[in-house]
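Peer 1: this is a predicted model, with the sequence first.
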Amino acid sequence: MKQETLLTQHLQNKFDELPINGNATADWKKLEMALQITMPIALFWKLWLSKKFLWISMIVLGGSGITALVVYQTKQANITQTAQPVKPIKNVVPGLNAASPQSNPTPKISHSPTVIVSKSYQDTPAVQIDTVPMHKHKTSLPTRLDTVIHRHKTPLPTRLDTTIRKHKTAPYARPNGTLTYHN
Amino acid sequence: MDDQTLSILISGCMANKRKAQEELYLIFYPGMYRLCMRYLRSDDLVPEALNTGFLKVFTKITSYHEAKGNLKGWISAIMIRSCIDLQRSELRFQHYEDITEANNTPHLSPDALDRLYAADLLAYVRALPPASQMVFNLYEVDGFDHGEIATILGISASTSRWHLTSAKQQLRQLINQKN
């Protein structure tokens, strides 16, 4: 026998005599736990790499993408159809020149309504509140008005707020044409 | 263990049957434990290398064919790679000019080895530098040639030869001191 082979054989025999101090059962339990986690991942990975699965997943993803697009477009179309024309503010404070459908048929869309304060409360228009398309802002107008008032934190908006609340009911017209408000 | 039983176990492992996996594990556990002991420098690392290796065995067993060699050899190859991966940070290979193996390799006498206890021999092998320990185990115990060792460790064949020569010289010195 060749010297090298003889040495290899000797070494192998010698090392086979080595005592082992490991616990096979305990080590198997550890491996079993690792297998329980790893094997499903390995199987999924194998499946994932297969061409058939790739095609199926592409079809499923494409289909769900198209469905989502169709649903989105249908929703958008419904929103456009159900959009109501903008209603003007009905309760108007004396001295406030609120926009009416006649005077301003196309309401301005503004995210920050302008507040114009006149010198005299009685005669000239004091505050003009732009009408806001309801569907755009998704909040009721009074709430929005309230927000605008709070935003300014000056005496005038507070006063405006008080005035508006005082005249929550519609004014009634006298025979001579003047408007009377409930106090 | 006869071939038929082994084939049944392999089929069970391929079908991911836990019982078959356990039986295969317990059959090869002692041999692979000793193999890991030879390649690693501490007994503490052995269970880790062993379980990493067996995990690879069970996840890759579908790629095993008898044409690739016997199952023990296939599992051993996986275990060796698992040990090398675990020790890779410690492996520092020095590159040397080609040396002629036959003239310079010191002779290790089998008779001298016979007089040693297995535990002493393991201690001597572990006393070698990590790279030389790997090459010695791969070449002298597991029968790989320098070309294969070069591929496994990512070094040149001449570097592998140098490490083998170095390992044998050091082992001879250690064995002579003991005797």
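Peer 2: Everything's here; your move.

Peer 1: can you name the residues in contact with the helix or strand hosting B:Gln133?
Peer 2: Assigned by DSSP states H and E, B:Gln133 belongs to helix B:130-136. Here helix B:130-136 makes contact (Cβ atoms under 8 Å, 6 or more residues apart in numbering or on different chains) with B:39, B:41, B:84, B:87, B:90-94, B:125-126, B:128, B:149, B:153, B:160, B:163-164, B:166-168, B:170-171. For glycine as for every other residue, the C-beta is placed from the backbone atoms N, C-alpha and C.

Peer 1: please indicate which of those are buried?
Peer 2: Among the contacts of helix B:130-136, the ones that count as buried by 16 or more other Cβ atoms under 10 Å in any protein chain shown are B:39, B:41, B:84, B:87, B:93, B:125-126, B:128, B:149, B:153, B:160, B:163-164, B:166-168, B:170-171.

Peer 1: quick check, central residue of chain B?
Peer 2: By Cα atoms, centre = their mean, the mean C-alpha position of chain B lies nearest to B:Ile80, the distance being 4.7 Å.

Peer 1: residue contacts, that one?
Peer 2: B:Leu35, B:Tyr39, B:Leu138, B:Asp142, B:Ile152.

Peer 1: so which bits of chain B are right by chain A?
Peer 2: Residues of chain B lying close to chain A by Cβ under 8 Å from any Cβ of the partner chain are B:16, B:18, B:21-22, B:25-26, B:29-30, B:33-34, B:37-38, B:43, B:46-47, B:50-51, B:54-55, B:58-59, B:107-108, B:110, B:113-114, B:116, B:118-119, B:121-122, B:140-141, B:143.

Peer 1: look up how far B:Gly73 lies from B:Asn51.
Peer 2: Distance of B:Asn51 to B:Gly73, given as Cβ to Cβ, to the nearest Å: 20 Å.

Peer 1: which helix or strand in chain B has the lowest average pLDDT?
Peer 2: Least confident helix or strand of chain B, by mean pLDDT, DSSP states H and E, is helix B:101-104 with a mean of 49.

Peer 1: low-confidence stretches in the chain?
Peer 2: Answering for chain A, as no chain was given. A:1-6, A:42-43, A:45-51, A:82-171, A:181-183 (pLDDT under 70).

Peer 1: let's do chain B instead
Peer 2: B:1, B:92-115, B:179.

Peer 1: how does it divide up, domain by domain?
Peer 2: B:3-90, B:101-178 (automatic domain parsing).

Peer 1: what's the answer for chain A, then?
Peer 2: Taken from automatic domain parsing, chain A resolves into A:3-82, A:85-183.

Peer 1: is any part of the first one close to chain B?
Peer 2: Yes: using Cβ under 8 Å from any Cβ as the criterion, contacts between domain A:3-82 and chain B involve A:3-4, A:6-8, A:10-12, A:14-22, A:24, A:27-28, A:30-32, A:34-35, A:38-39, A:42-43.

Peer 1: B:Lys68 reaches B:Trp74, doesn't it?
Peer 2: Yes: contact criterion Cβ atoms under 8 Å: B:Lys68 and B:Trp74 qualify, at 5.9 Å.

Peer 1: okay, these two: which has more neighbours?
Peer 2: B:Trp74 (18 against 11; other Cβ atoms under 10 Å in any protein chain shown).

Peer 1: in the one helix or strand that one maps to, which residues are buried?
Peer 2: Using DSSP H and E, B:Trp74 sits within helix B:71-87. Going by neighbour count (16+ other Cβ under 10 Å), the buried part of helix B:71-87 is B:71, B:74-84, B:86-87.

Peer 1: which residue is the nearest non-sequential neighbour of B:Ala118?
Peer 2: The shortest distance from B:Ala118 to any non-neighbouring residue, by Cβ to Cβ, 6 or more residues apart in numbering or on different chains, is to A:Glu17 (4.1 Å).

Peer 1: and the spatially closest residue to B:Ser11 that is not a sequence neighbour, how far from B:Pro30?
Peer 2: Counting by Cβ to Cβ, 6+ apart, the nearest residue to B:Ser11 once its immediate chain neighbours are dropped is B:Ala20, at 7.6 Å. As defined by Cβ to Cβ, B:Ala20 lies at a distance of 19 Å from B:Pro30.

Peer 1: the two: which has the busier surroundings?
Peer 2: Neighbours were counted for B:Ala20 and for B:Pro30 using other Cβ under 10 Å; B:Ala20 has more, 19 against 14.
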